[in-house]
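# Any chance you could fold what I've pasted below:
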Amino acid sequence: MKKLLTVLAGVIGVSSVMASEPVQLSLTPDFAIYDRSERIEGVALSIWGENPQSAFALGFVNGSTGDSVGLSVGLVNYADSYTGCQWSFVNYTKGDFTGWQGGPFFGLLVSGVNYTGGSMMGLQWGLVNYAGKLNGLQVGFVNVADTAKSGVQIGIVNIMPKNEWFSRLPDELAPGMIFVNWHF
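All right, here's what the predicted structure looks like:
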């Protein structure tokens, strides 16, 4: 099967002697044209792929290792650290994220869970959003930020535990609020 993937890559013009790989085709991270440690700078098409990348990744599960950049579209996206757009039902970034984490729209409802363990700078748009350190906007039903540099939460439940209860207005609102919460 790996030979078939290599032939397919050859058909679309991939040269395996290039320094960075422009196209990755994979069924799993271990069953792909290029090893999971190869940087992909172009397009990654996968059932389940996992590479460091500066790429457009389209698959059911898109994994981005190291410091990755691009657009990941699938059912599940995960990354060590990421800059760009993660668009799926579940977006998970272990470290820092810069850009937009979101999911598909169904009428007025959004679907998805967005998680950034480190610093999140940008927009999280989903049912449930979590950021270790928020520097941007969270829009969803439940929004949680352990700390915030400068951030706004809009949703049904908005939690920033480091905020104090109404004591530092207008810079921050409260540890938990309905509809809106902020910290500047």
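# What distance do you get for Pro29 to Glu50?
In this structure, Pro29 lies at 4 Å from Glu50, with C-beta to C-beta, to the nearest Å as the measure. Quick note: C-beta positions are derived from backbone N, CA and C, even for glycine.
# cool, and Ile156?
Look at Ile156 and Glu50: by C-beta to C-beta, they are 34 Å apart.
# what sits in contact with each of Pro29 and Glu50?
Taking C-beta atoms under 8 Å, 6 or more residues apart in numbering as the contact rule, the neighbours common to Pro29 and Glu50 are Arg36, Gly63.
# which of the two has more neighbours?
Just comparing Pro29 and Glu50: by other C-beta atoms under 10 Å the higher neighbour count belongs to Glu50, 24 against 17.
# isn't Asn77 right up against Asn91?
Yes: counting by C-beta atoms under 8 Å, a contact exists between Asn77 and Asn91, whose distance comes to 4.9 Å.
# buried set for stretch 54-63?
Of all the residues in stretch 54-63, those buried under the rule 16 or more other C-beta atoms under 10 Å are Ser54, Ala55, Phe56, Ala57, Gly59, Val61, Asn62, Gly63.
# Pull that stretch out as CSV, backbone CA atoms only.
Output in CSV follows, covering the C-alpha atoms of stretch 54-63 (Å, rounded to 0.1, in the frame of the first residue of the first chain):
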residue,chain,number,x,y,z
SER,A,54,3.5,24.7,6.8
ALA,A,55,0.6,23.4,4.9
PHE,A,56,-3.1,22.9,4.1
ALA,A,57,-4.1,19.7,5.9
LEU,A,58,-7.3,18.0,4.9
GLY,A,59,-8.2,14.8,6.6
PHE,A,60,-10.3,13.0,9.2
VAL,A,61,-7.6,13.5,11.8
ASN,A,62,-4.9,16.1,11.3
GLY,A,63,-1.9,16.1,13.6
